[in-house]
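**Q** my questions are about this predicted structure, shown below with the sequence.
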Amino acid sequence: MLRRFCCSATPVFSTPASKKKLVFLGSPSVSASVLETLLDASSASNSLFEVAAIVTQPPSGRDRGRKVLPSPVAQHALDRGFPAHLIFTPLKASEEAFLSDFSALEPELCITAAYGNILPTKFLKIPSLGTVNIHPSLLPLYRGAAPVQRALQDGVKETGVSLAFTVRALDAGPIIACEKMEIDDNIKAPELLDLLFAQGSKLLLQELPSIFDGSASTKAKPQDGSKATLAPKISQEESWLSFDQDALTLHNKVQAFAGWPGTRARILVIDEKSDKRSELELKVITSRVYRGDDVKNSEDDEVIFRKGSLIIPCGQHTALEVLEVQLPGKKVVNAAAFWNGLRGQKLKKLRL
């Protein structure tokens, strides 16, 4: 059970005077990987810091059955034996009780990685060395909640990770350091997130000495706000594929929305023997742009099966090659297994 930190006459957790008090803020699995790096580094005999507390989202209903579970970060910390009373789970970081307990810790530095909560000015004033965020984009590009997903959706060929001081404006703080990364054509959002946060963890460890001695504040470069782009949170309604768009746009969306919310399509199933027609909702799991010379005219709505893939005609005389699909409530299957299950019925795309 997660409990809030309480002050007492006898400290239940103390850090050596020579080590800086660091507080980590994060929630999803990618954040847990950053926490793992920090906990491992802090256990070294020559470490400059100690993880004094963890702040994460409250337990919530997830997985099948909507069982209430701690966030991945909280669960990882508990599995590592981190004191439960030093895991904070405020609904909002602006709660006065939380801010009081947090201030009592006298933290010197906060590190955030996909925490998922807005940090108020009162919070930002508490750590003496400030708050540093690991952001998976090359700031000022893709400020916001979904930088990796929006970059993949836009089909960019290069992204990266930035370390930046946190200010009240959205992802607008001075940049301490950044690293670029080329994007593979077939990488999906969860994989790219893992890579970027892993790289961000290494970058953080490299920069921590300069953050602790204050030189990072001097060298940090202000962002050029005129070059900023936004990466707003993804909504469930965006998951639908419109085959009036070209195949590359749709493939980019499949890569970007992998994991959550996924990408869905409406397909018409036609039984020519009985002339029965039914609408099918299909989740597209894996795709690529069809490179065949026989791309159908986008006015032809028929979906065909060729060399283990579903070929769906799209806008601008292109076609999307679908390799894996999932029916509602079913497991992911390859296109061949799905096609065999149709037993000779035909498919046509439906327009949104």
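**A** In hand now; what should we look at?
**Q** when you work out contacts or count neighbours from here on, use the C-alpha atoms and nothing else.
**A** OK.
**Q** can you list the buried residues in stretch 307-315?
**A** Of all the residues in stretch 307-315, those buried under the rule 16 or more other C-alpha atoms under 10 Å are 309, 310, 311, 312, 313, 314, 315.
**Q** switch those residues over to a markdown table; also include secondary structure.
**A** Output for the buried residues of stretch 307-315, formatted as a markdown table (DSSP: H, G, I helix; E, B strand; the rest coil):
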| residue | secondary structure |
| --- | --- |
| 309 | strand |
| 310 | strand |
| 311 | strand |
| 312 | strand |
| 313 | strand |
| 314 | strand |
| 315 | coil |
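**Q** now render those residues as CSV, adding distance to residue 255.
**A** Output for the buried residues of stretch 307-315, formatted as CSV (distance: C-alpha to C-alpha, whole Å):
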residue, distance to residue 255
309, 17
310, 17
311, 17
312, 17
313, 19
314, 17
315, 19
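**Q** pLDDT and distance to residue 25 for these - can I get that in a markdown table?
**A** Formatted as a markdown table, the buried residues of stretch 307-315 follow (pLDDT from 0 to 100; distance: C-alpha to C-alpha, whole Å):
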| residue | pLDDT | distance to residue 25 |
| --- | --- | --- |
| 309 | 97 | 43 |
| 310 | 97 | 43 |
| 311 | 96 | 44 |
| 312 | 96 | 44 |
| 313 | 94 | 45 |
| 314 | 94 | 43 |
| 315 | 92 | 44 |
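**Q** would you point out the most distant pair within these?
**A** 309 and 315 (18.7 Å; C-alpha to C-alpha).
**Q** three-state assignment of residue 286?
**A** strand.
**Q** so it makes contact with residue 324?
**A** Yes: taking C-alpha atoms under 8 Å as the definition, residue 286 is a contact partner of residue 324 at 5.0 Å.
**Q** confidence-wise, which helix or strand of the protein is lowest on average?
**A** strand 60-62 (a mean of 78; mean pLDDT, DSSP states H and E).
**Q** now do the contacts for the residue nearest the centre of the chain.
**A** With distances taken as C-alpha atoms, centre = their mean, residue 193 lies nearest the centre of the chain, 5.7 Å away. Going by C-alpha atoms under 8 Å, 6 or more residues apart in numbering, residue 193 touches 30, 136, 148.
**Q** most surrounded residue in the residues you listed?
**A** Highest neighbour count within the contacts of residue 193: residue 136, with 29 neighbours (other C-alpha atoms under 10 Å).
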